[in-house]
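Colleague: Dropping the sequence and predicted coords here.
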Amino acid sequence: MADMTPATEGFILHWGEMGTKWGINRTVAQIHALLYLSPKALNAEQIADTLSVARSNVSNSLRELQGWGIVKVVHVIGDRRDHYESMKDVWEMFQIILDERKKREIDPTLAILRELTAKAKKSGAKDAHTHERLKDMLNFFESMSAWYAQIRRLPQAAFIKFIKMGDRVRKLLGFAGR
């Protein structure tokens, strides 16, 4: 990785590692990290050169990041190439990522749980245990999804304040010291 400070390189490498743990391709995560730290928009060639990755890999990764809604194309006067920049507001970026993960992972799981719970119920006594287990799982996912929808409607400043409340919420609910 050419012309990077140790802090920049360290973050890009770590973000790539974390990406793999979150189910994201390492190069996608590294490109995101590079764009997040970059003070200016970069074109695909600059990204490929900086990270020493194939140009085709950069193109595919940029499409994925655009699909997530956290990287966008920008144009630079005097340069016909597309340039890319990451969202800089960490709170907004993670809310978008959470929205996408909910859409891609939680919503399909909810749909399947609803379908399978109904099927198990129709099977009667033969599937009674499975029905109860699926119903519990469905109730959990529906409750968490409803909670997320409520939290997501908060203005960003209120959301940040809520998150930073930490243990004060436990105290407010009467669970201090537990």
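Modeller: Looks like it arrived, so ask away. Everything numeric in this text was worked out from a predicted model, so none of it was measured. Numbering: from 1, shown residues only.

Colleague: how many neighbours does residue 62 have?
Modeller: The number of residues packed near residue 62 is 20, by other Cβ atoms under 10 Å. Quick note: C-beta positions are derived from backbone N, CA and C, even for glycine.

Colleague: With residue 17 instead?
Modeller: Counted with other Cβ under 10 Å, residue 17 comes out at 13.

Colleague: So residue 85 versus residue 36, what's the distance?
Modeller: Counting by Cβ to Cβ, to the nearest Å, the gap from residue 85 to residue 36 is 9 Å.

Colleague: likewise residue 69?
Modeller: Counting by Cβ to Cβ, the gap from residue 69 to residue 36 is 14 Å.

Colleague: Could you spell out which stretches of the protein belong to which domain?
Modeller: With domains defined by automatic domain parsing, the chain comprises 6-86, 90-163.

Colleague: of all those, which lies closest to residue 175?
Modeller: Residue 175 lies closest to domain 90-163 among the domains of the chain, at 16.6 Å (Cβ to Cβ).

Colleague: Give me the pLDDT for residue 62.
Modeller: Note for residue 62: predicted pLDDT of 98.
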